[in-house]
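Participant: Please find the sequence and the predicted model below.
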Amino acid sequence: MRKTNHPAGTVHRLAIDSKALSGNLLGDPTTRIVDVYIPHGHDGSGLPLLVDLVGYTAGGPAHTAWKSFTENVPERLDRLIGDGLMAPVVVAFPDCYSRLGGNQYVNSPILGNYEDFLIAEMLPQLEARFNCGGTGRRGVFGKSSGGFGALIHAMRHPDIWAAAASHSGDAGFENLYLPEFPATLRALARHANSIEAWLNAFEAKPKIDGKDTMVLMILAQAASFDPDPDPDAFLGLRLPVTLDTCELIEERWTNWLAWDPARMVKTHGGAIGRLKGFFLDCGTEDQYNILYGTRRVHQALAAQGITHRYEEFADNHSGVDYRMDISLPFLAQALIE
């Protein structure tokens, strides 16, 4: 629902053939849609480039599609840019959806090498097509799993991204994921403790509920953080807990924790200090307990003397796209300075 009378920008739909995603164990398509927003009155030339990493169970085109009662992201950009609240930017919306409901925007033999896809394949094609972005003029942002992706990319690729924003990005894995393992095991137990049997049953269902989605999310995280090297393992999936007693398997859980931004920031926080701007926020009522990990990221950055913008807001994890009214102008300003 448009909340502005300013002229609308244009959304272009591209299809990018990816080599980085070839051979993914899920059999997901390697040609990926990328929607690209160009502000009204511009052709993209010379503008900064932002990349929107959406949350789990969504794909980039979900942010350009019509939304009831509120704005989609292009409409939000029309309003913010039209009202003079942010500088014009190009925004890309890559479709990184998977058979497991999404991914964490890192390389995985199971899901595909999405880190490489975004950086080595998507960015060069977009920048050549629209003459936008370039060194010092690229930003990445997202919410939830997308916020995690923005955090990880900021810490691993400060040479690529010049600014980043994370809304409620996955952090503090002990509080976020450990509470979900018992319910995951109960779901698997109804299918002889078989991930393959559970997933086949899930995919055959005519109706999916939230409990199913949480189990699938744990499998998607396992695919991202700890793929099974056993070639006989179904889709390379395994859990970091014993199936009968839900005890942590330390070696596997350590692999998960190696990707926890609340821990990574202690060794990779300096990379964030190389960015032109870094924005971090989380709701004080976040139902997945992400607030506590986000605070740890903030406190670690502060302890290292790294400039960043941190905010907490009175809300939970859901329906917080309105926070982009703060982060998007912040990123645009950082990239033009």
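Facilitator: Happy to help now that I have it. Since we're looking at a predicted model, the values are computed, not measured.
Participant: Tell me who's in contact with the closest residue to residue 143 other than its chain neighbours.
Facilitator: Nearest residue to residue 143, sequence neighbours excluded (Cβ to Cβ, 6 or more residues apart in numbering): residue 167, at 4.0 Å. C-beta here means a position set from N, CA and C on the backbone, and glycine is covered the same way. Listed by Cβ atoms under 8 Å, 6 or more residues apart in numbering, the contact set of residue 167 reads 141-144, 146-147, 281-282, 320, 323-324, 327.
Participant: hmm, 10 Å instead?
Facilitator: Listed by Cβ atoms under 10 Å, 6 or more residues apart in numbering, the contact partners of residue 167 are 55, 141-144, 146-147, 150, 279-283, 294, 311, 313, 317, 320-321, 323-324, 326-327.
Participant: same check, this time on residue 17
Facilitator: Shown in contact with residue 17 (Cβ under 10 Å, 6+ apart): 29-32, 121, 125.
Participant: One more: residue 93?
Facilitator: 11, 13, 33-37, 50-54, 59-65, 72-74.
Participant: what do you get if the cut-off is 6 Å, keeping everything else the same?
Facilitator: 35, 52, 60, 63-64 (Cβ atoms under 6 Å, 6 or more residues apart in numbering).
Participant: Make CSV from those residues and add neighbour count to it.
Facilitator: As requested, the contacts of residue 93 are exported to CSV (neighbours: other Cβ atoms under 10 Å):
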residue, neighbour count
35, 23
52, 23
60, 25
63, 24
64, 20
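Participant: Dump these to TSV, plus distance to residue 254, secondary structure and pLDDT.
Facilitator: Output for these, formatted as TSV (distance: Cβ to Cβ, whole Å; DSSP: H, G, I helix; E, B strand; the rest coil; pLDDT from 0 to 100):
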residue	distance to residue 254	secondary structure	pLDDT
35	38	strand	98
52	32	strand	98
60	32	helix	96
63	34	helix	98
64	39	coil	98
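Participant: could the residues you listed be laid out in CSV, adding distance to residue 187?
Facilitator: Formatted as CSV, the contacts of residue 93 follow (distance: Cβ to Cβ, whole Å):
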residue, distance to residue 187
35, 34
52, 31
60, 29
63, 30
64, 33
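Participant: about what we covered before: what subset of the contacts of residue 167 is buried?
Facilitator: In terms of neighbour count (16 or more other Cβ atoms under 10 Å), the buried residues within those are 55, 141-144, 146-147, 150, 279-283, 294, 317, 320, 323-324, 326-327.
Participant: Just the ones of those in helices?
Facilitator: Among these, the members falling in helices are 146-147, 150, 294, 324, 326-327 (criterion: DSSP state H).
Participant: Now do stretch 171-191: distance from first to last residue.
Facilitator: Length of stretch 171-191, first residue to last, Cα to Cα, to the nearest Å: 30 Å.
Participant: Would you mind measuring from residue 162 to residue 180?
Facilitator: Spatial separation of residue 162 from residue 180 under the definition Cβ to Cβ, to the nearest Å is 35 Å.
Participant: neighbour count winner among those two?
Facilitator: Neighbours per residue (other Cβ atoms under 10 Å) separate residue 162 from residue 180, with residue 162 holding more: 25 against 15.
Participant: Remind me what the longest helix along the chain packs against, helices and strands.
Facilitator: Among all segments of the chain classified by DSSP H, the helix with the greatest residue count is helix 210-225. Based on contacts counted as 3 or more Cβ pairs under 6 Å, 6 or more residues apart in numbering; DSSP states H and E, the elements that helix 210-225 packs against are helix 181-189.
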